[in-house]
Structures are given as structure tokens and as C-alpha cells.
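Peer 1: missing the sequence, but the structure's below:
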């Protein structure tokens with residue numbers, strides 16, 4: 001089947017036909033979400049409810065990081081540090097593998113691989129010599145024709161030849177000395193490589209940029225906070241100093257509507273973290289869902305899910321695109337299960353609010369919703385010196401592992417967690433920096449998979465994991481009427 005697709009698509013000398021990126025996933029998985037929608041839904045149905053119990057392990061391959069066996073070396077000077085499994089917290093795969101023409105492509109911090117999908121045989125391995133940075137994870141690679149792109153913890157975008165793993169070029173995204181770190185899986189939209197980054201430690205501003213896939217030249221750059229008084233959104237910050245140190249990282253890939261030519265991205269928490277001192281106001285565009293014109297990077301609309309966040313509830317969770325009906329009329333919609341504990345549905349053409357509902361029962365930080373459907377924070381749940389009990393904790397009711405939407409069932413599937421933390425105010429300065437509070441876990445009730453009706457926000461069914469543990473795990477739905485995910489004991493579950 002794969003060979004047939006190769007020939008009928010006219011892929012002469014080209015690994016990926018760019019047209020595949022805009023179609024529902026079939027026998028290829030050419031981008032982080034499978035396609036641009038963020039649904040993580042596969043149209044394949046050969047594996048279904050009648051035969052899934054017959055699935056068995058096909059192969060296991062252990063991959064090691066570091067320079068051994070690598071086909072190329074990156075890095076920028078004598079300060080580079082070799083990394084391997086066991087350093088910077090070990091070698092853990094957090095990436096979504098891409099699969100094109102029978103080859104899997106994936107990454108960990110400082111490493112990228114190509115693997116035969118049928119046998120697990122390593123085809124090539126690329127190793128990047130790092131200059132440092134936080135090695136918390138890597139979400140994967142992007143592919144454009146014969147070229148791969150991935151980000152490094154020390155803030156470089158690297159382009160590789162997908163056939164050989166040889167480096168084409170690398171460019172600096174941000175300055176690791178300002179404690180930016182880069183984990184994002186690049187998304188390719190037309191001739192734009194969409195690049196984001198993370199970093200909370202030094203109160204630096206977040207951004208998203210579009211890069212030319214041929215040369216690495218920056219095409220446009222969008223900052224997640226205004227840069228000066230008078231800019232759009234500047235009225236939601238007290239002064240220019242707070243804006244320029246405002247955070248709002250873009251560390252999870254966005255989604256894209258080819259008809260509207262809008263790229264949808266969720267933004268991270270404002271800085272200082274876990275305290276609102278020194279940044280009075282809503283702090284746009286942190287903790288927001290933002291629609292950007294793909295050709296210019298200009299804002300088309302925004303919706304802030306957590307105005308003036310004080311609990312580190314990034315709104316970077318996947319903005320899933322849904323085409324369906326809402327209150328009896330056809331709509332092009334966007335849904336997000338957000339870290340703050342709420343489920344949101346918006347009209348993605350203009351950002352109009354359609355629905356907000358709570359996802360978990362333990363949530364105690366909000367006094368309700370305002371006229372825009374935004375949560376109203378309860379001031380008594382701000383961090384205090386003596387400590388205050390809050391649910392969800394900073395890890396959220398859900399987190400970065402992606403949800404899934406099945407257009408055949410009309411249900412949105414997400415892993416959730418119900419737990420508490422105590423937030424202690426540690427920086428009482430009027431202008432704190434970095435993290436202004438300390439957090440201590442205070443117990444919880446484990447994890448739950450929820451199937452949510454996007455039209456009502458109601459949980460149609462749920463599956464609670466026995467024995468406690470976290471609830472955030474990635475989701476995949478299929479036309480075989482299956483949901484694949486993982487449980488807290490690290491089992492694959494259908």
C-alpha cells in the first residue's frame with residue numbers, strides 16, 4: 001500500500017508529498033498531530049474492536065544517545081558538552097514519531113533517528129553537541145519534502161537530510177544564556193517552519209517565529225506580549241518592564257486551518273510565576289489561544305483562558321479543530337482541554353466564545369465564569385506565606401500529552417488528573433522574579449480518561465485508572481472505533 005501511495009502521488013525523489021499534511025492520517029503520519037487539525041484521528045480500520053486483542057509485540061529496539069554511531073555532529077564551539085543516556089535526567093522519548101513511506105523519524109534532546117517501521121532497524125542517527133540548556137524533553141521532528149527539522153535544548157533549529165541524517169544547516173532560535181530551552185516539534189505549513197520555545201527561569205518574553213525551510217531565514221516573528229506602551233494589549237500590563245519580562249512560552253505545536261490560513265497556538269504562563277505581583281492586569285497574550293495569519297504573523301483574534309494566571313497553568317494544550325454543528329448551526333470550531341481545569345469551545349473563524357465547562361470535580365480556585373466564559377479567580381486561592389490548598393496544582397487537570405477528537409463519535413478524549421497542591425508565597429518583593437512561590441503536592445485521586453461531548457461539555461463516559469497515578473497520557477482514535485492511550489503503569493491500552 002505504501003508503495004502504491006508513493007507512485008500515485010508522484011513523489012519522484014521526494015520523501016513526503018506536502019499535500020499529505022492537509023489530509024486526515026491514512027498510511028502515513030507526516031506531522032506531529034497526524035494532520036493539521038490536532039485531532040489525532042486515524043482513518044485506518046484494519047485493526048478494530050473485533051481483532052485488537054490479537055495485537056502482539058512486533059519488535060523492540062533500544063536507542064542510545066550520544067556520539068556513538070552518529071552520522072553528524074552539530075554544535076558551535078569549544079563549550080559544547082557531549083550528552084548521552086543518563087545525563088540531564090536520562091534519555092526519554094517524549095516525541096511523537098513521524099511515519100512516512102515505512103520510515104519512523106523521532107527525536108530526544110540532542111538526538112534524531114530514522115528507523116525502519118517494519119523491523120525497528122536503525123537507518124541513521126544524528127547527534128548534536130550541546131552548549132547546555134534544560135534537557136526536559138523533545139516533542140519530535142517536522143518534515144518537508146526530503147528535509148527534517150528539530151529543535152535542540154540549547155535553542156538551535158537543525159535541518160537534516162531525511163534520507164541520510166546529514167546536517168544541512170542550523171540556526172540559533174534563542175539565547176541559552178537567558179535560559180530559553182527548546183522542545184517543540186516544528187510544524188510545516190506551506191513554506192513556513194513554525195518554531196517555538198520555552199523558558200521560565202529568567203522572566204524572558206515568549207515568541208513564535210516562521211522560518212524558511214530552504215535557508216533558515218526568519219520570515220516573521222510574533223511576541224507573546226506587547227513590547228511597548230501603545231501596542232495592542234499593552235493596557236493589560238502595568239509597564240514596559242513587566243511586558244518585556246512577561247513569559248508566555250510557545251512550547252507545544254499549534255494547529256492550522258488551510259481555508260482560513262490561520263495558525264492556532266496556545267501560550268504559556270506569565271512571569272513571574274505563581275504570583276501576580278508586579279504585573280497587575282490580564283497580561284495578554286499569556287495563557288491564551290491565539291489565531292495568527294500564517295503569511296504575516298499578525299493576530300487575527302485571541303481568547304484568554306486564564307486572565308492574570310497565578311498558578312503556572314500554561315494554556316499550551318492542543319487547540320483541536322472541529323467541524324460540526326453547535327446549537328443547531330454549522331460551525332468551524334476550536335476546542336481546548338486546558339490545564340486550569342476547564343474545557344473551552346470557540347468559533348475558530350473569529351474567536352467567539354461558545355462553551356466553557358469544568359472538567360474535574362476537585363477544582364476549587366474559580367468563583368465561576370464571566371460574561372466571556374472566562375474563569376473568575378478566587379483571591380483566597382492566591383499563594384500565601386502560610387500556604388493555601390489549590391486544585392488543580394501547577395501540573396494541571398491535564399497537560400501537554402495530546403488529546404484526540406473522533407469525528408465519527410463526536411467526542412473529545414483527554415487524560416485528566418484530580419489532585420491538590422499547597423502554594424507557599426516565597427518572594428514578597430513588590431517586583432518578584434522567576435518563581436514567586438513554592439509548591440508542595442498534597443495528594444489526589446488518580447487519573448481519568450474522559451470522553452467529552454463538545455456540544456455540551458458533558459463527560460459522556462470516563463475510565464478511572466485504579467491505583468492512583470497521573471492522568472495525562474497521549475490519545476489516538478481510529479475509524480476502527482478504538483481509543484489508544486497509556487495508563488500510569490506504562491501499559492499501552494486500547
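Peer 2: Happy to help now that I have it. Predicted model only: the values in this text are computed from it and were never measured.
Peer 1: contacting residues for residue 449?
Peer 2: By Cβ atoms under 8 Å, 6 or more residues apart in numbering, the contact set of residue 449 is 413-416, 462-463, 465, 471, 475, 483, 485. C-beta coordinates here come from the backbone N, C-alpha and C atoms, glycine included.
Peer 1: What about residue 443, how many residues nearby?
Peer 2: Residues near residue 443, counting by other Cβ atoms under 10 Å, number 9.
Peer 1: Tell me if I'm right that it and residue 420 touch.
Peer 2: Yes. With contact defined as Cβ atoms under 8 Å, residue 443 reaches residue 420; the gap is 6.0 Å.
Peer 1: picking that back up, among the contacts of residue 449, name the ones in helices.
Peer 2: Taking DSSP state H, every one of these sits outside helices.
Peer 1: from the residues you listed, which is closest to residue 317?
Peer 2: Nearest to residue 317 among these: residue 414, at 8.5 Å, using Cβ to Cβ.
Peer 1: Surely that closest one and residue 473 touch.
Peer 2: No. Contact criterion Cβ under 8 Å: residue 414 and residue 473 do not qualify, at 9.6 Å.
Peer 1: more crowded one of these two?
Peer 2: Shown here are residue 414 and residue 473; by other Cβ under 10 Å, residue 414 has more neighbours (30 against 22).
Peer 1: Show the contacting residues for the nearest residue to residue 33 once chain neighbours are set aside.
Peer 2: Nearest residue to residue 33 in three dimensions, chain neighbours excluded: residue 40, at 5.6 Å (Cβ to Cβ, 6 or more residues apart in numbering). Neighbouring residues of residue 40 by Cβ under 8 Å, 6+ apart: 33-34, 402-405, 474-477.
Peer 1: One more: residue 15?
Peer 2: With Cβ under 8 Å, 6+ apart, residue 15 has these contacts: 100-101, 103, 143, 145-146, 162-163.
Peer 1: Can you say which two of these are spatially most distant?
Peer 2: Longest span within the contacts of residue 15, Cβ to Cβ: 103 and 145, 14.1 Å.
Peer 1: More neighbours: the two, which one.
Peer 2: residue 103 (21 against 16).
Peer 1: Show me what that one is bridged to.
Peer 2: Beta bridges link residue 103 to residue 100, residue 116, judged by DSSP bridges.
Peer 1: likewise residue 337?
Peer 2: Applying DSSP bridges to residue 337 gives these bridge partners: residue 343.
Peer 1: surely it meets residue 414?
Peer 2: Yes. The pair residue 337 / residue 414 is scored as a contact, 4.2 Å apart, by Cβ under 8 Å.
Peer 1: re earlier: give the buried subset of the contacts of residue 449 as a ChimeraX selection command.
Peer 2: To isolate the buried subset of those in ChimeraX, counting by 16 or more other Cβ atoms under 10 Å, use the following:
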select :413,414,415,416,465,471,475,483,485
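Peer 1: Now tabulate the contacts of residue 449 in JSON lines and tack on distance to residue 244 and pLDDT.
Peer 2: Shown next, in JSON lines, are the contacts of residue 449 (distance: Cβ to Cβ, whole Å; pLDDT from 0 to 100):
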{"residue": "413", "distance to residue 244": "39", "pLDDT": "98"}
{"residue": "414", "distance to residue 244": "34", "pLDDT": "97"}
{"residue": "415", "distance to residue 244": "36", "pLDDT": "95"}
{"residue": "416", "distance to residue 244": "35", "pLDDT": "95"}
{"residue": "462", "distance to residue 244": "43", "pLDDT": "96"}
{"residue": "463", "distance to residue 244": "45", "pLDDT": "94"}
{"residue": "465", "distance to residue 244": "43", "pLDDT": "90"}
{"residue": "471", "distance to residue 244": "36", "pLDDT": "69"}
{"residue": "475", "distance to residue 244": "37", "pLDDT": "96"}
{"residue": "483", "distance to residue 244": "44", "pLDDT": "98"}
{"residue": "485", "distance to residue 244": "40", "pLDDT": "95"}
